[in-house]
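Q: how would this look folded up:
(2 chains)
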Amino acid sequence: MATAYDNAMRQAAPEHDDAGPVIAVDNVFKSFATHKVLDGISLKVRRGETVAVLGRSGTGKSVLLRLTIGLETPDSGSVCIHGRNIAGLALDRMGEIRKRMGFLFQHAALYDSLTVGGNVAFPLEHHRRDMSRSERVDRVKQLLAEVGMEGDLEKMPSDISGGMQKRVGLARALALEPEILLLDEPTAGLDPISSGEIDDLILKLQRERKMASIVVTHDLHSARVIADRLALLDHGNVAIEGRFEDLERSDIEFVKQFLKQS
Amino acid sequence: MTGRELTVAQSARPPLFDRPATEPRSIANTVEGRFSGFLEWFGSLGVFFWQVMKAAATPPFEWRELIRQLDEVGSKSLPLVALAGSAIGVVLSLEARYSLSRFGAKSMFPATLVYSVIQVMGPIMTGLVVSGRVGAGMGAELASMKVTEQIDAIEASAINPYRLLAAPRILACILMLPLLTLAADTCALLTGWFAQTLVEPLSFHQFVESGFSGATFNAFLPPTFKTAVYGFIIGLIACFQGMRTRGGAAGVGRAATNSVVLASLFLILADVVLVKFILVFFP
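A: Prediction:
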């Protein structure tokens, strides 16, 4: 049965083809008060592709992710998901699009009044009302097992470490089987082993689910492992975009400096 | 004095001297800034209210959250409201008996107590007590969720935060305030009567008969149900202040304080309008 989302997509992009970009950010400007954060940035991500967004702190990487899921509105330019411009969409219409997106926040943003299991079950309780309680519990257990947290179902977010919180956040982001995954610094603040585990997990998920992903990270090693393409941001725009080898060959002074310091 | 010394001397000057507040232009700018901030606040409140209305009027309805909030606002405020109502009843009883005795109108005591509790003291006291307890709680809870990105996470999960968080809280306040007011009124009348009987025996039957003689529904229902408006004000302002918070722990504190202060202020202002409205339409 066609969902409201399917209908909205059909109306919005009748000629949508699978080869087209799933995410298309085009000439987006964004300022907060007088501070210009994004300065005409453009970025495209296709199905099954992972793009790592790198750059110095304050260059607008997280803002780019928030714009992609509609938590911020661009001052100008367009952000298209499956060919549909999401800028200015009403909350409920945007909700239909967000159901097919997963977002991992930088600090996980788990609901502190719910258990680990409750956090993962939260999107299912609201959007999969067709699921029985036992089906939901099984699904939550399966998702937590995927991120290696199956034994922590009843724990509260305050009782687990930052790395574990990120895993739970990732499980929650995957609950509705998204086609688009947005990860805001998934390995920041983690020890190298946990960081590597998260990278492996992201790679495994990418292979299995063919999602379009944007990963914001400071971790160049992680970006090299998980991403098909890298986009290096400078002053609110993409300084260079390509594979890691393209960045290494670049003559741009900022790129050389960034790679040297990372 | 060298250039470097001059710079240091200038930077060490008390900021008072740098403040151009005494200049008429600056005063005008400050007033203009405050006024535009004031208008912006009202504009944002209007947009917030519209978003909540739209979310509340369209399915899916968050029944489970509404029941949780009814318990949070109603059951958990009941002891405090009952205690405050009881204290007010005793105070009013003592004051009324003394004042009425001075004018030789002691027989008016039951009616004075009943009318002053039900028409004035019960509703406004309940509103202010709930504004303090619930307003601060809601403001702080939502503000904490906002600064830890939990509200963004709700939105990113394709759930309308106005529907899930704001609408049930505001509706719970609207539904619970009249019931809490009835509880406060009852406690105030019981303790008022009890305080009277300790000084001068008066049967409860006599107290009720005398207090409610000649009373009509118009005298009692509008003052009780006007507290639904208080509930709306408390819920709306607490949710608005909480969900627009910025700035970490300090922001959470500010949201809680502002929720209580603004809700109490608007509640008292609303009372002025509502009393006039009731006098005109329910004479």
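
Q: Tell me where the model's unsure across the stretch 151-262 of chain A.
A: Within the stretch 151-262 of chain A, the ranges that satisfy pLDDT under 70 run A:262.

Q: burial count for the nearest residue to A:Phe244 once chain neighbours are set aside?
A: Nearest non-adjacent residue to A:Phe244, counting by CB to CB, 6 or more residues apart in numbering or on different chains: A:Arg224, 4.9 Å away. C-beta coordinates here come from the backbone N, C-alpha and C atoms, glycine included. Neighbours of A:Arg224 under the rule other CB atoms under 10 Å in any protein chain shown: 16.

Q: anything in the helix or strand harbouring A:Val120 near chain B?
A: Taking DSSP states H and E as the definition, A:Val120 sits inside helix A:116-127. Yes - using CB under 8 Å from any CB of the partner chain, we find that helix A:116-127 touches chain B at A:Phe122, A:Pro123, A:His126, A:His127.

Q: mind giving me the domain ranges of chain B?
A: As given by automatic domain parsing, the domain ranges for chain B are B:16-58, B:61-281.

Q: In a markdown table: those domains, plus mean pLDDT and mean neighbour count.
A: Listed next are those as a markdown table, based on pLDDT from 0 to 100; neighbours: other CB atoms under 10 Å in any protein chain shown:
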| stretch | mean pLDDT | mean neighbour count |
| --- | --- | --- |
| domain B:16-58 | 80 | 12 |
| domain B:61-281 | 92 | 20 |
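
Q: so which of those domains comes closest to chain A?
A: domain B:61-281 (3.8 Å; CB to the nearest CB).

Q: between the residues of helix A:116-127 next to chain B, which has the most around it?
A: Neighbour count (other CB under 10 Å) singles out A:Pro123 as the most crowded of these, with 24 neighbours.

Q: residues in contact with that one?
A: A:Arg172, A:Ala175, A:Leu176, B:Ser157, B:Ala158, B:Ile159 (CB atoms under 8 Å, 6 or more residues apart in numbering or on different chains).

Q: Which pLDDT value does the model give it?
A: pLDDT recorded at A:Pro123 is 94.

Q: And the one 3 residues further on, by the same measure?
A: Confidence at A:His126, expressed as pLDDT, is 90.

Q: residues in contact with it?
A: Contacts for A:His126 (CB under 8 Å, 6+ apart) come out as B:Pro60, B:Ser157, B:Ala158, B:Ile159.

Q: switch to 6 Å and redo it
A: Neighbouring residues of A:His126 by CB atoms under 6 Å, 6 or more residues apart in numbering or on different chains: B:Ile159.

Q: Please write out the alpha-carbon positions of the helix holding A:Val120 in PDB.
A: Taking only C-alpha atoms (Å, rounded to 0.1, in the frame of the first residue of the first chain), the coordinates of helix A:116-127 have been written out as PDB:
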ATOM      1  CA  VAL A 116      18.300   2.300  25.900                       C
ATOM      2  CA  GLY A 117      15.500   0.000  24.600                       C
ATOM      3  CA  GLY A 118      13.000   2.800  24.900                       C
ATOM      4  CA  ASN A 119      15.200   5.100  22.800                       C
ATOM      5  CA  VAL A 120      15.500   2.600  20.000                       C
ATOM      6  CA  ALA A 121      11.800   1.700  20.200                       C
ATOM      7  CA  PHE A 122      10.700   5.400  20.100                       C
ATOM      8  CA  PRO A 123      10.500   5.800  16.300                       C
ATOM      9  CA  LEU A 124       8.900   2.400  15.900                       C
ATOM     10  CA  GLU A 125       6.200   3.200  18.500                       C
ATOM     11  CA  HIS A 126       5.300   6.300  16.500                       C
ATOM     12  CA  HIS A 127       5.600   5.200  12.900                       C
END
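
Q: And the next helix or strand past it?
A: helix A:133-146.

Q: Residues contacting the next helix-or-strand element following that following helix, please?
A: Per DSSP H and E, the first helix or strand lying C-terminal to helix A:133-146 is helix A:162-174. Under the criterion CB under 6 Å, 6+ apart, residues A:102-104, A:108, A:110, A:116, A:119-120, A:143-144, A:147, A:149, A:157, A:189-190, A:194 lie in contact with helix A:162-174.

Q: Show me which residues of helix A:162-174 are buried.
A: For helix A:162-174, the buried set under the neighbour-count rule, 16 or more other CB atoms under 10 Å in any protein chain shown, comprises A:Gly163, A:Met164, A:Gln165, A:Lys166, A:Arg167, A:Val168, A:Gly169, A:Leu170, A:Ala171, A:Arg172, A:Ala173, A:Leu174.

Q: In TSV: those, plus distance to A:Ile41.
A: Formatted as TSV, the buried residues of helix A:162-174 follow (distance: CB to CB, whole Å):
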residue	distance to A:Ile41
A:Gly163	30
A:Met164	33
A:Gln165	29
A:Lys166	26
A:Arg167	30
A:Val168	31
A:Gly169	25
A:Leu170	26
A:Ala171	30
A:Arg172	28
A:Ala173	23
A:Leu174	27
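
Q: Sort out which one of those residues lies nearest A:Arg93 for me.
A: Of all the buried residues of helix A:162-174, A:Ala173 has the smallest distance to A:Arg93: 21.0 Å, by CB to CB.

Q: Return the distance of that closest one relative to A:Ala108.
A: 10 Å (CB to CB, to the nearest Å).

Q: same thing with A:Met211?
A: Here the criterion is CB to CB. By it, A:Met211 lies 19 Å from A:Ala108.

Q: next one: B:Leu94
A: 57 Å.

Q: next one: A:Arg93
A: Using CB to CB, we find A:Arg93 at a distance of 27 Å from A:Ala108.

Q: More neighbours: which of these two?
A: Legend: neighbour count by other CB under 10 Å for A:Arg93 and A:Ala108, higher for A:Ala108 (25 against 17).

Q: quick one, phi/psi of that one?
A: Here is the backbone geometry of A:Ala108 (degrees, to the nearest 10): phi 70, psi -40.
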